[in-house]
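Student: Pasting a predicted model and its sequence here:
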Amino acid sequence: MKKRDFLSVTDFSIDEIWKLFEFTHKLKKQIRKGIYKKYLKNKIIAMIFSKTSTRTRVSFEVGIRQLGGSAIYLNKNDIQLNKGETIYDTAKVLSRYVNGIVIRTYKHEEVVELANSADVPVINGLTDLLHPCQALADFFTIFENKPQFVNNPSNLKLTFIGDGNNVASSLLLLSSMMGNEIRIATPKGYEIPKQIIEIAEENAKKSGAKIIMGNDHIELAKDADVLYTDVWVSMGQESESEERIKVFKNYRIDRDVIKVAKTDVIVLHCLPANRGMEITDEVMDGPHSRVFDEAENRLHVQKAIMIKLLS
């Protein structure tokens with residue numbers, strides 16, 4: 001069998017994604033019952049992390065161990081990749097040692113090159129362009145909390161408020177495949193990259209998804225079933241911090257935004273959160289929040305992804 005990678009949500013078909021969600025639900029139930037099936041017995045996965053992480057590192061490492069596999073954590077100072085060795089050489093050598101690679105880094109092009117060079121499956125744990133594992137966990141959380149949309153995703157209204165970053169891009173791509181309505185509210189100049197919008201628009205022609213983009217976050221939050229936000233300053237953008245805080249100061253989820261959404265709206269945030277900036281404590285800890293369920297579901301969804309690619 002030809003090896004497969006997971007660099008973007010578009011690497012799976014919509015049928016595969018629905019089956020992945022079904023399997024994720026099964027895995028989550030098993031863990032709740034204390035059942036640990038060793039789907040990855042004797043498998044070794046290398047985890048290359050150029051960016052620091054809480055959820056991505058812990059969820060992948062715990063998931064690998066729960067599935068009977070072994071994880072090798074490699075930060076940028078542990079390997080020669082940071083000291084001049086080519087991505088091609090690194091990929092070829094690791095392919096002789098391990099059964100799969102998870103990578104979390106800055107440039108998406110590096111992940112693409114790694115996947116093209118490696119002889120084992122490569123999973124994108126995050127790049128500056130995309131965060132596909134997060135998007136799958138987000139939609140699994142949405143359908144878990146709003147099962148009425150499983151058979152009718154076209155009726156789902158999802159509003160993202162904030163920076164047109166990797167999370168927003170992956171949410172847009174997955175929405176364009178699912179066929180739901182997605183609204184992206186960003187300040188001018190901070191929109192989702194054009195190449196991602198073009199792919200989403202092509203997907204929407206097939207799925208019937210509705211894509212709405214604008215700058216008025218209150219208007220785009222009206223009647224939303226799901227509200228989503230992320231940090232204003234991502235890793236690698238620290239030099240822009242002061243300017244971004246000024247630009248994004250109104251792009252937060254607070255009680256005023258909750259009021260215009262549906263009464264049973266759920267709120268998501270991929271974390272880490274800067275409380276009081278993009279989201280208030282009142283919302284983060286309130287009855288609409290599913291933030292920590294969402295964080296837990298990273299574990300279960302990523303296990304399903306690894307099993308699909310590695311077992």
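Tutor: That came through, no problem. Remember, it's a predicted structure, so these values are computed and weren't measured experimentally. Numbering: from 1, shown residues only.
Student: just checking, what packs against the helix or strand harbouring residue 258?
Tutor: Taking DSSP states H and E as the definition, residue 258 sits inside helix 255-260. Packing partners of helix 255-260 (3 or more C-beta pairs under 8 Å, 6 or more residues apart in numbering; DSSP states H and E): helix 217-221, helix 281-284. Where you see a C-beta, it was placed from the backbone N, CA and C, and this is true even at glycine.
Student: Apply 7 Å and report the result again.
Tutor: helix 217-221 (3 or more C-beta pairs under 7 Å, 6 or more residues apart in numbering; DSSP states H and E).
Student: ok, the next helix or strand after the helix it packs on: who's next to it in the sheet?
Tutor: Once helix 217-221 ends, the next helix or strand along the chain (criterion: DSSP H and E) is strand 226-229. Paired strands of strand 226-229, with direction, are strand 157-161 (parallel), strand 266-269 (parallel) (DSSP bridges).
Student: Contacts for strand 226-229, please.
Tutor: With contact meaning C-beta atoms under 7 Å, 6 or more residues apart in numbering, strand 226-229 is reached by 142, 158-162, 171, 221, 253, 257, 261, 265-269, 278-279.
Student: nearest to residue 240, of the strands paired with strand 226-229?
Tutor: Of all those, strand 157-161 sits nearest to residue 240, with 18.7 Å by C-beta to C-beta.
Student: What is the next helix or strand after the closest one packed up against?
Tutor: Heading C-terminal from strand 157-161, the first helix or strand you meet, by DSSP H and E, is helix 166-178. Judged by 3+ C-beta pairs under 7 Å, 6+ apart, the packing partners of helix 166-178 are helix 132-145, strand 157-161, strand 181-185, helix 194-207.
Student: So for residue 43, which of the ones you listed sits nearest?
Tutor: Closest to residue 43 of the helices and strands packed on helix 166-178 is helix 132-145 (C-beta to C-beta; 17.9 Å).
Student: Going by secondary structure, residue 113 is in what exactly?
Tutor: Per DSSP H and E: helix 108-117 holds residue 113.
Student: same question but for residue 74, I mixed them up
Tutor: Per DSSP H and E: strand 70-75 holds residue 74.
Student: which residues sit against that strand?
Tutor: Outside strand 70-75, the residues within contact range by C-beta under 7 Å, 6+ apart are 44-49, 57, 60-61, 64-65, 98.
Student: before we move on, what about stretch 36-46?
Tutor: By C-beta under 7 Å, 6+ apart, stretch 36-46 touches 30, 64, 66-72, 74, 94, 98-102, 306-307, 310-311.
Student: likewise stretch 179-189?
Tutor: With C-beta under 7 Å, 6+ apart as the criterion, stretch 179-189 contacts 153-154, 156-164, 168, 171-172, 175, 192, 207-217, 220, 247-248, 251.
Student: Hmm, residue 153 is touching residue 178, no?
Tutor: Yes - with contact defined as C-beta atoms under 7 Å, residue 153 and residue 178 form a contacting pair (4.7 Å).
Student: in the helix or strand that contains residue 306, what counts as buried?
Tutor: Element membership for residue 306 (DSSP H and E) is helix 291-310. Buried residues in helix 291-310, counted by 16 or more other C-beta atoms under 10 Å: 291, 294-310.
Student: Just the angle for it relative to helix 132-145, thanks.
Tutor: Using axes from the mean of the first three to the mean of the last three C-alpha atoms, to 10 degrees, the inter-axis angle of helix 291-310 relative to helix 132-145 is 120 degrees.
Student: residues contacting residue 266?
Tutor: Contacts for residue 266 were tallied using C-beta under 7 Å, 6+ apart; they are 145, 226, 288, 290.
Student: Highest neighbour count among the residues you listed?
Tutor: Highest neighbour count within these: residue 226, with 27 neighbours (other C-beta atoms under 10 Å).
Student: List the contacts of the closest residue to that one other than its chain neighbours.
Tutor: Distances taken as C-beta to C-beta, 6 or more residues apart in numbering place residue 158 nearest to residue 226, at 4.5 Å, with adjacent residues excluded. Residues in contact with residue 158 (C-beta under 7 Å, 6+ apart) are 175, 180-182, 224-226, 228.
Student: ditto for residue 106
Tutor: By C-beta under 7 Å, 6+ apart, the neighbours of residue 106 are 50-51, 127-128, 236.
Student: before we move on, the earlier item: need the next SSE after the helix holding residue 113, C-terminal direction.
Tutor: Next helix or strand after helix 108-117 toward the C-terminus (DSSP H and E): strand 122-126.
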